[in-house]
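K.L.:
predicted model and sequence below, questions to follow.
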Amino acid sequence: MKMLVFGHGYSAGFLTPLLRRRGWQVVGTTRDDPGRVAGAGAQPVLWPGDEARLRSEIASADAILVSAAPGPQGDPVLAAFRDDLAKARPGWLGYLSTTGVYGDRNGGWVDEDSLLDATGPRGAARIRAEGDWRALADQAGLPLHIFRLAGIYGPGRGPFEKVRNGTARRIIKPGQVFSRIHAADIAQILLASIDRPAPGTAYNVCDDDPAPPQDVLAHAADLLGLPPPPEVPYDEADMTPMARSFYADSKRVSNRRIKEELGVRLRYPDYRSGLAAILAAEGGSPHGLRAAGVHDPRHD
């Protein structure tokens, strides 16, 4: 069996080892870092660059995962390979989107049937990309599955470095909540969908515990045995335009469908368990873990 991944980045790096253990071959595109892709166990293909090989890989793939983000001209995979995809016959096709398609709900809940009402241009681009992929799937009979990812974290993408070096700030915007997902859980959700394909279905990919971002930073500091980072009101915070755009949306995202229809049991159902696992893997302070009442597997 062969998986072709367009945009073999951070999240795909968790899926590839799971597939490899099942005997799958994984081919992944990269712009400029074939060593990182190979290190995850996939065969790297430069793209843009080796379009001829990718056309061959599309034709022979048993499954295709699209992780590349849309650009100003729309979805780059569709722009380059629409005709090849229309002729392909994979058993499973996955598109990684974002919960940003739901826009701002003032802290309210959304599920997969909620109106797509993005607040900013990035979310609007994802809505258009979802629609373009659905149109191709309907036209060509492709088994499309859409995965709307919440904020991704995991090893190397946790808050500990900023907390340790003193650059972390707790941005306070009253009523603000985000949903999150550990990268390892993204991988197991994708694998569950491959095992239980349901073409045309969209899935929210998030944990059980939407939470204010300042609470996550405070908990990270507690795990390290450090004082919480200083608070900064949102209106006074020095943030990049992209960082500020994340604060434009406040919502709680339901993950009921991945549990009821895919049978997923999250490894990290909340940020507390996810952060504890990251810190333990990074060789974090046993004192900080014990002080926070978190189990440290190194003492088993």
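P.N.:
Received the coordinates, thanks. Residues are numbered from 1 along each chain as shown.
K.L.:
buried stuff in stretch 100-115?
P.N.:
Using 16 or more other Cβ atoms under 10 Å as the test for burial, stretch 100-115 gives G100, V101, Y102, G103, D104, R105, V110, E112, S114. Where you see a C-beta, it was placed from the backbone N, CA and C, and this is true even at glycine.
K.L.:
identify the residues contacting it?
P.N.:
In this structure, residues lying in contact with stretch 100-115 by Cβ atoms under 8 Å, 6 or more residues apart in numbering are 99, 116-120, 122-123, 126-127, 130, 148, 175-177, 201-204, 248-254, 256-257.
K.L.:
now the end-to-end length of it.
P.N.:
With Cα to Cα, to the nearest Å as the measure, stretch 100-115 spans 12 Å from end to end.
K.L.:
cool, stretch 150-163 as well?
P.N.:
22 Å.
K.L.:
change the start of the numbering to 49 and stick with it
P.N.:
All right, first residue 49 from here; so that's stretch 198-211.
K.L.:
from P169, how far off is the nearest residue to D80 once chain neighbours are set aside?
P.N.:
Closest residue in space to D80, ignoring its immediate chain neighbours: L94 at 7.7 Å, by Cβ to Cβ, 6 or more residues apart in numbering. Distance of L94 to P169, computed by Cβ to Cβ, to the nearest Å: 28 Å.
K.L.:
what about the two, which has more around it?
P.N.:
Applying other Cβ atoms under 10 Å to L94 and P169 shows that L94 carries more neighbours, namely 16 against 10.
K.L.:
buried residues, stretch 66-80. List them.
P.N.:
By neighbour count on 16+ other Cβ under 10 Å, the buried set for stretch 66-80 is L66, L67, W72, Q73, V74, V75, G76, T77, T78.
K.L.:
now the phi/psi pair for the last one, please.
P.N.:
According to degrees, to the nearest 10, the main-chain angles of T78 amount to phi -150, psi 150.
K.L.:
repeat that for the second one.
P.N.:
Reported as degrees, to the nearest 10, the phi and psi values for L67 are phi -70, psi -40.
K.L.:
quick check, it in contact with L238.
P.N.:
No. Using Cβ atoms under 8 Å, L67 makes no contact with L238, being 9.3 Å away.
K.L.:
burial count for the residue lying closest to L238 once chain neighbours are set aside?
P.N.:
Excluding its sequence neighbours, the residue lying closest to L238 (Cβ to Cβ, 6+ apart) is L63, at 5.4 Å. Neighbourhood size, L63 [other Cβ under 10 Å]: 30.
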